[in-house]
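Asks: have a look; sequence and predicted model below, questions after that.
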Amino acid sequence: MLALRTSAIIALAAMTKDDHLPSPDDVSALRARIDRPIVLVGMMGVGKSSVGKKLATLLELPFADADDEIENAAQMSIPEIFDQFGEGYFRDGERRVIARMIESGPGILATGGGAFVSDETRGLILDKAIAIWLDADLETLVERVGRKNTRPLLRNGNPVEILKRLKIERRPFYEQAPLHVLSEPGPHLQTVIRIIKALDQWL
Ligand SMILES: Nc1ncnc2c1ncn2[C@@H]1O[C@H](COP(=O)(O)OP(=O)(O)OP(=O)(O)O)[C@@H](O)[C@H]1O
Ligand SMILES: O=C(O)C1=C[C@@H](O)[C@@H](O)[C@H](O)C1
Ligand SMILES: [Mg+2]
């Protein structure tokens, strides 16, 4: 497969009839080339956890979610951690959990929306893993985060305005990921296939 090691591979093409599931042989061949963790980064609600799980199933790789790991380690929910100890404490835990998980070898890791903003975490991911920026427009994010009220950063103010601001503030960090995949409205599988294609070109 042609290795496109240019600055970034942008898989933003609209869904076409070419967005079909790759054959089992193609998936196996790709799987064999994955020698590092694949780390999904991007805004809250973009689909890192839900798409990441499906991607892991398709590639037959272990899946882990940094937010879940933090909750398990603390035996508390993320809103409880924010309420009782504050965001700084959460970010410390997030940094430690991701540093540990990056050492676990090939697998799919869904990060929390703010993880890639940390210089230390971002440096580690860029050095030792394959970072994929999952991206969506504001309207899509607003619709998706509205399905659950579990994101403490959206509780203190107008969620649309907060998401809009965070999206602008975080873009310079997210765009450092070498792969950029759009997660548009539609089936999760559409995004999974786009990730597979981006990886196939990159590796
Ligand atoms: N491609 C998609 N098409 C339709 N719905 C999606 C898609 N991706 C995610 N969703 C839905 O959007 C919601 C948020 O997704 P998810 O929890 O995976 O986001 P996240 O990026 O992990 O967010 P966070 O950073 O807060 O953990 C879920 O209800 C999920 O099913
Ligand atoms: O975007 C963020 O900063 C966050 C996203 C979620 O995944 C959680 O990590 C937490 O709610 C913070
Ligand atoms: Mg998540």
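Replies: Arrived safely, thanks for sending. Ligands and ions are numbered 1, 2, ... in the order given.

Asks: what residues does the chain put near ligand 1?
Replies: Counting by CB under 6 Å from any ligand atom, the residues of the chain close to ligand 1 are 44-51, 67, 110, 112-113, 144, 147, 151, 183, 185-186, 188, 191. Just so you know, the C-beta spots here come from the backbone N, C-alpha and C atoms, and that holds for glycine as well.

Asks: check which helix or strand the nearest residue to residue 142 once chain neighbours are set aside maps to.
Replies: Nearest residue to residue 142, sequence neighbours excluded (CB to CB, 6 or more residues apart in numbering): residue 160, at 5.5 Å. Assigned by DSSP states H and E, residue 160 belongs to helix 159-174.

Asks: go on, residue 197?
Replies: Here residue 197 is assigned to helix 188-202, by DSSP H and E.

Asks: gap between that helix and the chain center?
Replies: Taking CA atoms, centre = their mean, to the nearest Å, the mean C-alpha location of helix 188-202 is offset from the chain mean by 13 Å.

Asks: does any part of it sit near ligand 3?
Replies: No: Helix 188-202 lies apart from ligand 3 when judged by CB under 5 Å from the ion; the minimum separation is 13.0 Å.

Asks: which residues touch the nearest residue to residue 164 once chain neighbours are set aside?
Replies: Distance criterion CB to CB, 6+ apart; nearest residue to residue 164, sequence neighbours excluded, is residue 138 at 5.8 Å. Counting by CB atoms under 8 Å, 6 or more residues apart in numbering, residue 138 makes contact with 160, 163-164, 167.

Asks: let me know the outermost residue of this structure.
Replies: residue 84 (26.4 Å; CA atoms, centre = their mean).

Asks: ok, the closest residue to that residue other than its chain neighbours to residue 45 distance?
Replies: Nearest residue to residue 84 in three dimensions, chain neighbours excluded: residue 76, at 7.3 Å (CB to CB, 6+ apart). Distance, residue 76 to residue 45, by CB to CB, to the nearest Å: 22 Å.

Asks: same question for residue 171.
Replies: Distance, residue 171 to residue 45, by CB to CB: 15 Å.

Asks: looking at the two, which one has more neighbours?
Replies: Counted by other CB atoms under 10 Å, residue 171 and residue 45 do not tie: residue 45 has more neighbours, with 24 against 13.

Asks: I appreciate the help and will end here.
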